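Participant: A predicted structure for the sequence below; I have some questions about it.
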Amino acid sequence: MFRDQREDISPCCRQFAGWPPFSDSLASCSLRVPWFHRRRLTRPDRIPLPSSSPPIEIAANEGDDLLKEDDELLTDSDDDLLEDSDDLLDEDDDLLKDEEDKTAEPAEEEKATPEDAAAQHAALFVESRYPSANTCATCHPKHYREWSVSQHAYAQLSPIYMAFQMAVNGLTSSTNGDFCIRCHNPVGMNIEESLFASNLDRAPTSREGITCVVCHRVNRNYGKVSGRLALAEGDLFTPIYGPKGGEELERFLSLPTEYRVVTERGEPGRAIHTEAEQFFQLSTPAFCATCHDVTLLNGFRLEEAFAEYKRSPAARNGVSCQDCHMGKIEGVDSGYEHGPAAVVGDVPTKDRKLTTHFFAGPDYPVIHPGIFPHNVRAAEFKTLREWLQFDYRAGWGTDEFEDSISDDHKFPESWESIDDRYDARDILNEQFDRLKWAEGKRLEVLRNGFHLGDIVVEEASPGGIDFSIDVINPTYAVDGLRSGPQLNPRPTLS
């Protein structure tokens, strides 16, 4: 009996083809799928083969020379592989029986709904236009780790922002349009997603807010346009834009066999950008002004970080936004790190000036840690809806919790496997480490941006005490004191 030939396909190729893995859970498979075979925007185990697919049987042609009776490979006399005593072909061999059972009665497989198929098709379509940060993480792990827990990465996921922009559009009969969301989610607006779509239903790159392509696929100086900017479309092979140009990339491309990179779609190997073009404006304060200087139609200055900066000592001294917000120390002109901008197949590029992509600010995330920070493993493991069902506060996936529950304890279908719960906890422990690191960076920028003067008691009585205190910005700039719409807790001083 011949097995279904699809079972002979390697796990890597099965996942690339969209077939389910051998195991019931992606997490239980110990194989690490090469990144260039992954479809990061889909769940391969959600696109099973139709249960009606017949097993592939191979019929032998009586005249086939390969199967002649006198074929030495199949003779009973001297073929040790096919001896009657061979344990592998014993009648009571459980493995062989299992295979025969599987061939005779194919197991029922989960059927993909039209809605699932449509969502996954849409996600792949968006990836071909605007690659996800999860794709970029393969060669840019340092930049990805910093960005993944940043407020840029949180821009579209913030429930406070979402509630605000939904309320404003509701109160204005949608005449406010994309005024808020086009800064928080440029990809979503470029692909014309609905203003009112849930984040659970948006394309993965859209949910990433100010993601990689939002800055590195801009090739024109738009100026202060309140976030209304067009992003250059294209897949991973399409040129990207940066402050340095493509000299180091060209060196890599000239040695494809050494670095095992490919620049043609469909070729096996490690996909890479074909060009990296210099875009000088990316490293200037004016580039930040595209979103960080917002004026309403009636002239109301909603956010004026760039305008404040232009009037500051920092601007007069030639200190840029990037110098304080992408340097070694948050909030201080402290110089930059040096190191490889990319690591391609464990081979680092030449050292150069490195900017941090965290952009520290005062706000904290308030959503499920399985969803934020962005995490490649988390995205491949479960969907956003499934992560929202994971009760991490109850201790799921910890020894204390798992040892305390009864065998008939009820879990959502996605979390019935104890292995899945332990794997999820492992991912969340990584998330908590990132959040703790981010908290330290937030405190760093606040301590550098705000100093307190002496406390002056104005009046003291049995009923209380009135006092005043000066809050001083010790840095060159003044944009930390007054800028920004007051959607999240931050000081507003007069």
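Facilitator: Good, I have the coordinates. Numbers count the residues shown, from 1 in each chain.

Participant: CA atoms of the helix or strand hosting residue 309 as CSV?
Facilitator: Secondary structure from DSSP states H and E places residue 309 in helix 305-310. C-alpha atoms of helix 305-310 as CSV (Å, rounded to 0.1, in the frame of the first residue of the first chain):
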residue,chain,number,x,y,z
ALA,A,305,6.1,69.2,18.5
PHE,A,306,8.0,70.3,15.4
ALA,A,307,7.0,73.9,15.7
GLU,A,308,8.2,73.9,19.3
TYR,A,309,11.4,72.3,18.3
LYS,A,310,12.1,74.9,15.6
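
Participant: Could you list every helix and strand in contact with that helix?
Facilitator: helix 285-292, strand 293-295, helix 479-482 (3 or more C-beta pairs under 8 Å, 6 or more residues apart in numbering; DSSP states H and E). Using the backbone N, CA and C atoms, a C-beta is placed for each residue, glycine as well.

Participant: Wait, a strand at residue 281?
Facilitator: No: looking at residue 281 with DSSP: H, G, I helix; E, B strand; the rest coil, it is helix, so not inside a strand.

Participant: Could you report the neighbour count for it?
Facilitator: Using other C-beta atoms under 10 Å, residue 281 has 17 neighbouring residues.

Participant: circling back: for the helices and strands packed on helix 305-310, could you give me JSON lines that also reports mean pLDDT?
Facilitator: Below are the helices and strands packed on helix 305-310 laid out as JSON lines (pLDDT from 0 to 100):
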{"stretch": "helix 285-292", "mean pLDDT": "92"}
{"stretch": "strand 293-295", "mean pLDDT": "86"}
{"stretch": "helix 479-482", "mean pLDDT": "47"}
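
Participant: Save the ones you listed as TSV, and put in mean neighbour count and distance to residue 445 too.
Facilitator: As requested, those are exported to TSV (neighbours: other C-beta atoms under 10 Å; distance: least, C-beta to C-beta, whole Å):
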stretch	mean neighbour count	distance to residue 445
helix 285-292	21	15
strand 293-295	20	20
helix 479-482	20	8
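
Participant: Mind listing residues that contact stretch 375-386?
Facilitator: Stretch 375-386 is contacted by residues 26-27, 38, 40, 43, 134, 137, 144, 148, 199-200, 204, 207, 370-371, 387, 390, 412, 414-415, 420, 423-424, 427, 430-431 when judged by C-beta atoms under 8 Å, 6 or more residues apart in numbering.

Participant: try it again with 6 Å
Facilitator: 27, 134, 137, 200, 370, 371, 414, 427 (C-beta atoms under 6 Å, 6 or more residues apart in numbering).

Participant: Within the helices and strands, which one has the nearest residue in space to residue 392 that is not next to it in sequence?
Facilitator: Leaving out its chain neighbours, the residue that sits closest to residue 392 by C-beta to C-beta, 6 or more residues apart in numbering is residue 428, at 5.6 Å. Remark: residue 428 resides in helix 418-449, with elements defined by DSSP H and E.

Participant: Which positions in that helix come out as buried?
Facilitator: 420-421, 423-425, 427-428, 431, 434, 438, 441-442, 445-446, 448-449 (16 or more other C-beta atoms under 10 Å).

Participant: re the thing from before, indicate which one of the helices and strands packed on helix 305-310 is closest to residue 229.
Facilitator: Comparing those by their distance to residue 229 (C-beta to C-beta), the top pick is helix 285-292, with 5.9 Å.

Participant: on contacts alone, who are the packing partners of the closest one?
Facilitator: Identification of packing neighbours for helix 285-292 by 3 or more C-beta pairs under 6 Å, 6 or more residues apart in numbering; DSSP states H and E yields helix 305-310.

Participant: what's the next secondary structure element after the helix it packs on?
Facilitator: Using DSSP H and E, the first helix or strand after helix 305-310 is helix 313-316.

Participant: what is the mean pLDDT for that following helix?
Facilitator: Mean per-residue pLDDT for helix 313-316: 90.

Participant: now swap in stretch 131-149 and tell me
Facilitator: 96.

Participant: Any chance you could list what contacts it?
Facilitator: 35, 40, 153, 204-205, 208, 211-212, 236, 342, 344, 356-358, 373-374, 376, 379, 434, 438.

Participant: Can you point out the buried residues in that stretch?
Facilitator: Buried, per 16+ other C-beta under 10 Å, within stretch 131-149: 131-140, 142-149.

Participant: Stretch 310-322 too?
Facilitator: 310, 312, 314, 315, 319, 320, 321, 322.

Participant: And these, which is closest to residue 453?
Facilitator: residue 312 (19.9 Å).

Participant: For the stretch 351-494 of the chain, which segments are assigned as strands?
Facilitator: 351-354, 451-461, 464-472 (DSSP state E, counting those that start in this stretch).

Participant: Let me have the ones you listed in JSON lines, extended by mean neighbour count, distance to residue 266 and mean pLDDT.
Facilitator: Converted to JSON lines, the strands of the stretch 351-494 of the chain look like this (neighbours: other C-beta atoms under 10 Å; distance: least, C-beta to C-beta, whole Å; pLDDT from 0 to 100):
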{"stretch": "strand 351-354", "mean neighbour count": "14", "distance to residue 266": "32", "mean pLDDT": "94"}
{"stretch": "strand 451-461", "mean neighbour count": "9", "distance to residue 266": "58", "mean pLDDT": "90"}
{"stretch": "strand 464-472", "mean neighbour count": "10", "distance to residue 266": "59", "mean pLDDT": "90"}
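
Participant: Output the ones you listed as TSV; include the columns distance to residue 185.
Facilitator: Shown next, in TSV, are the strands of the stretch 351-494 of the chain (distance: least, C-beta to C-beta, whole Å):
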stretch	distance to residue 185
strand 351-354	27
strand 451-461	35
strand 464-472	33
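
Participant: now the helix holding residue 309: mean pLDDT?
Facilitator: 90.

Participant: Repeat that for stretch 422-435.
Facilitator: Rounded mean pLDDT across stretch 422-435 is 98.

Participant: One more: stretch 324-335?
Facilitator: pLDDT averaged over stretch 324-335 gives 93.

Participant: That stretch: which residues count as buried?
Facilitator: Neighbour counts using 16+ other C-beta under 10 Å place 324, 325, 326, 327, 330, 331, 332, 333 of stretch 324-335 among the buried residues.

Participant: Could you export the helix or strand encompassing the first one as PDB, CA atoms only?
Facilitator: With the criterion set as DSSP H and E, the secondary-structure element containing residue 324 is helix 321-325. The C-alpha atoms that make up helix 321-325 are tabulated as PDB, following Å, rounded to 0.1, in the frame of the first residue of the first chain:
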ATOM      1  CA  CYS A 321      14.900  65.200  16.800                       C
ATOM      2  CA  GLN A 322      16.800  62.000  16.000                       C
ATOM      3  CA  ASP A 323      19.800  63.100  18.100                       C
ATOM      4  CA  CYS A 324      17.700  63.000  21.300                       C
ATOM      5  CA  HIS A 325      15.200  60.300  20.400                       C
END
